[in-house]
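>>> Sequence below, structure please.
(chains A and B)
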Amino acid sequence: MTNFVRIESGGERRYLPERFKMPNRKKDPRLFGYLPYFERPRIQWPGGARVAFWVVPNIEVFELLPPHNRHRSPYGRPLPDTLKYSTADYGNRVGVWRMIEAMDARGVRGSVSLNTALCIHHPEIIEACVARGWELFGHGIYNSRFPHGMDEAQERRMLVDAIETVDAVAGQRIVGWLAPGMANTPRTIELIAEYGFAYTVDLFHDDQPFPVNTRKGRLTSVPYSVEGNDLLVWYFTTLGSPRDWCNLLKRQFDRLYEEGAYSGTVMCIPLHPFAVGQPHRIDAFAEALDHITGHDDVWMTTGREIAAWFNTHHYDEFVAAIADREAAVAGGAS
Amino acid sequence: MRRPRHNLEYPHRKRGMDHDLYDWSILPHRPPVTWPEGVPLAVWPVIVVEWFPLTSRSTPFRPPSDQYIGVRPYPDYRTYTHLEYGNRVGIYRILRALEAGRTRASVAMNAEIAVRYPEMVRAVVNGGHEVIAHGIDMEHIHEGGLPRSVERSWVRRTLGTLREATGQAVTGWLSPDLSQSMNTLDLLAGEGIDYVCDWVNDDLPYEVRTKSGPLFAMPYAYELSDRLVLLDLRHAEAQFYQQIREACAVLGREAPRQGGRIMALAFHAWISGHPHRIGYFEDMLAWLNDTDGVWVATGAEILEAFREQG
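Next up is the predicted model:
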């Protein structure tokens, strides 16, 4: 049933469905500058590649009975949400192994968006990733613990916990971060820069890496995807079947490959092993990988490598170009 | 400024699961399973028949199946009758298709179905199908806030009704909306249930621990059910059945290397029993009959074959 709320603006009073009620406006931290897509310094990937291609399995672990968070529940039902819990658990028992096999067969490495408690619960998965030279990056502690409502000290503890846990179990220093449940606090981006992270994937505004404005560190946004994300396509937007998703990924790649002839682009396939690892979906993923790996001039890479390359070779010229453009706009130039 | 105290304690962060209900286990690391006559794939069709009341209590929370109940103010005949279609027409069309395809299935049934429609129970039992208990009806949701004593009475009422009506042992359980409380597994084991379909985290059965003894979780096809794929994800019927065939191919491919697999299928009478959908269902049965290396069986039969090897 639709609830109506009274909305007053410009001296007018109207009754509109609740979804039109605007939250109180808060400050936009202005995380990034602006450069029109085709008017930027040209990005040159290693070996003259057109597209930097990376695959991001979100390897997640949920708690059956997590503490209550009044801002947002990870579950749609009262606890225990055995359906969602077991759906996610499928990823670790079954799906991730099927996904690894499909990626191995095509020589594709993963950049794992990791709930770091998985290092403790299921170290076999970590060992399998490390043995393949995959990157691990941070995705919170559990997917049943969203950072909404954390104070600064707690958020620092979460980040240090994630860094130390992965370092201890996998011997990797995580340099990328995706907030669990995409749940950022107003401090998250600044804090990860301060802790020496090289990139965030929480920003969906671009097909190329872009500098992120932080007081400390050197942080870049590396393109992830809410459009090609398996979970979002299937469960949240219901845009189509696994084969439709496969075709979406091919079209996405073809256009980024074409544009990459001028300036390097980034294509990401975000995955969730419990979703893509289902037997009725895995071959659609494999077909998309076959299409992409069948092209020359594709840099098969990881988030860490993309961020390192961009931060070394292009970050400064992007920052300079953004400053020039801002000066021009402020000066009234068109 | 007042901040909610955020909980950063992780009392269950340890090796394995964060609970004691079952052990952590990796599917491809397990000893291979063999099915009768060495076939790679056991196919387990589950037909679901459900009774949705005209008005649902929706307490203490609005269960997910409520998206189909009481969409309009009372009396919502449109929704009620659309769901009831499965019990009057859909199930009989599906049973006829199963008979024509010489296929036996597991039929998950609310106890209320047996109370209201003994004719359906007879048709299911005479068709040689296994009855799985599916709770009292679609407003009796086994959820975390349910007192143990109340839930025990629901389990007993469900199993008592179905066992008496079918004459079968009724050893399988599918919770309405696949929702369990922390007591459900224990109560079911105490009432003679051998397997549950609510834990959708595996492709093979695995043992679950309860205070009343062990039972098994069977790999129910929630992710590939007609309800999820056709109604929630809104894929076309042809795409739904294409996914079933692709899953069969993938599991059949894994079996020679990793051991026998189970292809679970789930169809609701009120969804797949419609004239415009039944042809796809019949085609699938014919395709399964024509496919080598497939053993179509009930949940109890597959579990028995699995346990004989353990």
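>>> Could you show which parts of the stretch 151-300 of chain B are in contact with chain A?
B:177-182, B:198-203, B:222-224, B:232-236, B:239, B:242-244, B:246-251, B:254, B:263 (CB under 8 Å from any CB of the partner chain). From N, CA and C alone the C-beta is placed, and that goes for glycine too.
>>> if we go to 7 Å?
Contact residues, the stretch 151-300 of chain B versus chain A (CB under 7 Å from any CB of the partner chain): B:178-180, B:182, B:198-203, B:223-224, B:233-235, B:239, B:243-244, B:246-247, B:250-251.
>>> all strands of the stretch 1-150 of chain B, in order?
B:41-49, B:106-109, B:130-133 (DSSP state E, counting those that start in this stretch).
>>> Figure out which of those strands is closest to chain A.
When the strands of the stretch 1-150 of chain B are compared by CB to the nearest CB, strand B:41-49 sits nearest chain A, at 10.6 Å.
>>> which one is B:His235 nearest to, not counting chain neighbours?
In space, and not counting its chain neighbours, B:His235 is closest to A:Ser241: 4.7 Å by CB to CB, 6 or more residues apart in numbering or on different chains.
>>> right, and the one you found touches B:Phe240 too?
No. Contact criterion CB atoms under 7 Å: A:Ser241 and B:Phe240 do not qualify, at 8.1 Å.
>>> one step back: quick one: contacts for the residue nearest to B:His235?
Contacts for A:Ser241 were tallied using CB atoms under 7 Å, 6 or more residues apart in numbering or on different chains; they are B:235, B:239, B:243.
>>> highest average neighbour count across the strands of the stretch 1-150 of chain B?
Comparing the strands of the stretch 1-150 of chain B by mean neighbour count (mean count of other CB atoms under 10 Å in any protein chain shown), strand B:106-109 ranks first with a mean of 30.
>>> Out of the contacts of A:Ser241, which sit inside helices?
B:239, B:243 (DSSP state H).
>>> Where do the helices of chain A begin and end?
A:82-90, A:96-104, A:118-121, A:123-131, A:152-170, A:188-194, A:230-231, A:242-259, A:273-276, A:282-293, A:303-313, A:315-330.
>>> and the stretch 201-334 of chain A, which residues reach chain B?
So the stretch 201-334 of chain A meets chain B at A:234, A:238, A:241-242, A:278-280, A:282-283 (CB under 7 Å from any CB).
>>> Can you tell me which of these is nearest B:Tyr280?
A:Ser241 (14.3 Å; CB to CB).
>>> on that earlier part again, look up phi and psi at the residue nearest to B:His235.
In terms of degrees, to the nearest 10, the main-chain angles of A:Ser241 are phi -80, psi 170.
>>> shaky segments in chain A?
Chain A contains residues with pLDDT under 70 at A:1-3, A:7-11, A:17-25, A:333-334.
>>> Spatially central residue for it, please.
Among the residues of chain A, the one closest to the centroid is A:Val201, at 4.0 Å (CA atoms, centre = their mean).
>>> Which residue is the nearest non-sequential neighbour of that residue?
Nearest residue to A:Val201 in three dimensions, chain neighbours excluded: A:Tyr224, at 3.8 Å (CB to CB, 6+ apart).
>>> show me where the stretch 151-300 of chain B has strands.
B:172-173, B:195-196, B:206-208, B:215-217, B:261-268, B:294-296.
>>> which other residues reach the fourth one?
Same thing as strand B:215-217. Strand B:215-217 has contacts (CB under 7 Å, 6+ apart) with B:22, B:185, B:188-189, B:193-196, B:199, B:202, B:205-208, B:303.
>>> Average pLDDT for it, rounded please.
Average pLDDT, strand B:215-217: 98.
>>> ok now it, how far from the chain's centre?
Here strand B:215-217 is found 13 Å from its chain centre; the criterion is CA atoms, centre = their mean, to the nearest Å.
>>> And for the second one?
Taking the mean of its C-alpha atoms, strand B:195-196 sits 9 Å from the chain's own mean (CA atoms, centre = their mean).
>>> can you give me the mean pLDDT across it?
pLDDT averaged over strand B:195-196 gives 98.
>>> just checking, what packs against that strand?
With contacts taken as 3 or more CB pairs under 7 Å, 6 or more residues apart in numbering or on different chains; DSSP states H and E, strand B:195-196 sits against strand B:215-217.
>>> Let's see that with 10 Å instead.
Here strand B:195-196 touches strand B:130-133, strand B:172-173, helix B:184-190, strand B:215-217, helix B:299-307, going by 3 or more CB pairs under 10 Å, 6 or more residues apart in numbering or on different chains; DSSP states H and E.
>>> Give the residues shared as contacts by A:Ser241 and B:Phe240.
Residues touching both A:Ser241 and B:Phe240 (CB atoms under 10 Å, 6 or more residues apart in numbering or on different chains): A:280, B:229, B:233.
>>> returning to what we had before: can you tell me which of the helices of chain A is most buried?
helix A:273-276 (a mean of 26).
>>> wait, what's in contact with the residue nearest to A:Trp245 when sequence neighbours are not counted?
Counting by CB to CB, 6+ apart, A:Val233 is the residue found nearest to A:Trp245 once chain neighbours are left out, at 5.0 Å. With contact set as CB under 10 Å, 6+ apart, A:Val233 has these partners: A:225-227, A:239-242, A:244-245, A:248-249, A:270, A:275, B:233.
>>> quick one, which of the strands of the stretch 151-300 of chain B is nearest to A:Cys129?
Closest to A:Cys129 of the strands of the stretch 151-300 of chain B, according to CB to CB: strand B:206-208, at 23.8 Å.
>>> and the gap between A:Phe32 and chain B?
Taking CB to the nearest CB, to the nearest Å as the measure, A:Phe32 falls 28 Å from chain B.
>>> can you count the residues close to that residue?
By the criterion of other CB atoms under 10 Å in any protein chain shown, A:Phe32 has 15 neighbours.
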